[in-house]
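Asks: Below is the sequence, then the predicted model.
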Amino acid sequence: MFDNLSDRLSGVFDKLRGRGALSETDVRSAMREVRVALLEADVALPVARDFVDKATEKAIGQEVLRSVTPGQMVVKIVHDQLVETLGADTSELRVDVNPPAVVMMVGLQGSGKTTTTAKLAKRLTEKQRKKVLMASLDVARPAAQEQLAVLGRQASVDTLPIIAGQQPVDIARRAVQAARLQAYDVVLLDTAGRLHVDEQLMGEMKAVAAATSPTETLLVVDSLTGQDAVNVAKGFAADVDLTGVVLTRLDGDARGGAALSMRAVTGQPIKFAGVGEGLEALEAFHPERIAGRILG
Ligand code: GDP
């Protein structure tokens, strides 16, 4: 498993006592271990393949420093490649635009979208001193709008008053309008989820985006769903202009495989990580930490 990829890599190389440059044969046998470990951790096959190719290219011919073993050298190369693949920087939200900035949250039902919306609202309010309005566009699940209102009260963040029977695009327009009139800096739109990516859902996402021109569209995915998370991300990325990803339930994910695939599949950075159920359990995403977790 992932836990001891470092040991496995060191094991391969510690059999070799030689110094000098890393040979192609040695690198390739180490990278076989990396590939297996990545696949075991639910990293998507093309992502694992691409990762191994890049790391291999970097490793072959590298001079081994006097202070380290060849195994440690390869571990470092793999570590750096992990950080690069995950995205080397953490990026805050783009909300310093002509107000209101619209942040659209998308994702499947159960991914943690509503909780994450409230967490982000709290963070923007407390850390960036923004005046934030949240609105739930989920008219499919009767309790969804009320759920966001409850979280809003917990987070001391305003939610758009509910008008029964109003449709998602109209709610979104009303939210932006209310924000303009009442001088909110940021509007967070918690869109409807579904059990699967389907045409109806994507149609709704496109219509909401067209009506509100979001500056950020964040895909919320459950890191525990592994390969499914990758397929969900592909589905959304094909139809919606994503600007970032939020990975939830990272507190329960010992492997980090979904994280590694996300950037490659969506072309966008992971901006935040959900690390618990509480409204404060949201962190800026740190590639270094995930790389460390993957290497063990
Ligand atoms: P939605 O259907 O996508 O809106 O999902 P919800 O926001 O209702 O979340 C579903 C469940 O996941 C709730 O019980 C949340 O408390 C829980 N949840 C959300 N994010 C996290 C997280 O980062 N870590 C953990 N452990 N639980 C989370």
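Replies: Done, it's in. Numbering: from 1, shown residues only.

Asks: Find the closest residue to the ligand in this structure.
Replies: residue 274 (2.5 Å; C-beta to the nearest ligand atom). Glycine gets a C-beta too; all of them are placed from N, C-alpha and C.

Asks: For that residue, what are phi and psi?
Replies: Torsion angles at residue 274 (phi, psi; degrees, to the nearest 10) stand at phi -90, psi 130.

Asks: where does residue 220 fall, phi/psi-wise?
Replies: Main-chain torsions, residue 220, degrees, to the nearest 10: phi -100, psi 120.

Asks: how many other residues sit next to it?
Replies: 27 (other C-beta atoms under 10 Å).

Asks: Disregarding residues adjacent in the polypeptide, which is nearest to it?
Replies: With sequence-adjacent residues excluded and distances taken as C-beta to C-beta, 6 or more residues apart in numbering, residue 220 is closest to residue 107, at 3.6 Å.

Asks: Let me know how buried that neighbour is, in neighbour terms.
Replies: 29.

Asks: for it, what are its contacts?
Replies: Counting by C-beta atoms under 8 Å, 6 or more residues apart in numbering, residue 107 touches 113, 193, 219-221, 232, 236.

Asks: contacts with the ligand among the residues you listed, please.
Replies: Contacts with the ligand are made by 113, 193 out of the contacts of residue 107, judged by C-beta under 6 Å from any ligand atom.

Asks: looking at the contacts of residue 107, which has the most residues close by?
Replies: In terms of neighbour count, residue 221 stands highest of the contacts of residue 107 at 31 neighbours, by other C-beta under 10 Å.

Asks: residues from the stretch 101-250 of the chain in reach of the ligand?
Replies: 107, 109-115, 193, 248-249.

Asks: From those residues, which one has the minimum pLDDT?
Replies: The lowest pLDDT within these belongs to residue 193, with 88.

Asks: Can you tell me the closest non-neighbouring residue to it?
Replies: The shortest distance from residue 193 to any non-neighbouring residue, by C-beta to C-beta, 6+ apart, is to residue 109 (3.4 Å).

Asks: Just confirm that neighbour is within a strand.
Replies: No. With DSSP: H, G, I helix; E, B strand; the rest coil as the criterion, residue 109 is coil rather than part of a strand.

Asks: how about the helix or strand harbouring residue 78: buried residues?
Replies: In this structure, residue 78 sits in helix 70-86 according to DSSP states H and E. Burial within helix 70-86, assessed by neighbour count using 16 or more other C-beta atoms under 10 Å, is assigned to 70-75, 77-79, 81-86.

Asks: which among the residues of the stretch 101-250 of the chain next to the ligand gets closest to residue 279?
Replies: Relative to residue 279, the closest of those is residue 115; by C-beta to C-beta it sits at 7.6 Å.

Asks: burial measure for the closest one, as a count.
Replies: Look at residue 115: counted by other C-beta under 10 Å, it has 22 neighbours.

Asks: distance of it from residue 80?
Replies: According to C-beta to C-beta, to the nearest Å, residue 115 stands 33 Å off from residue 80.
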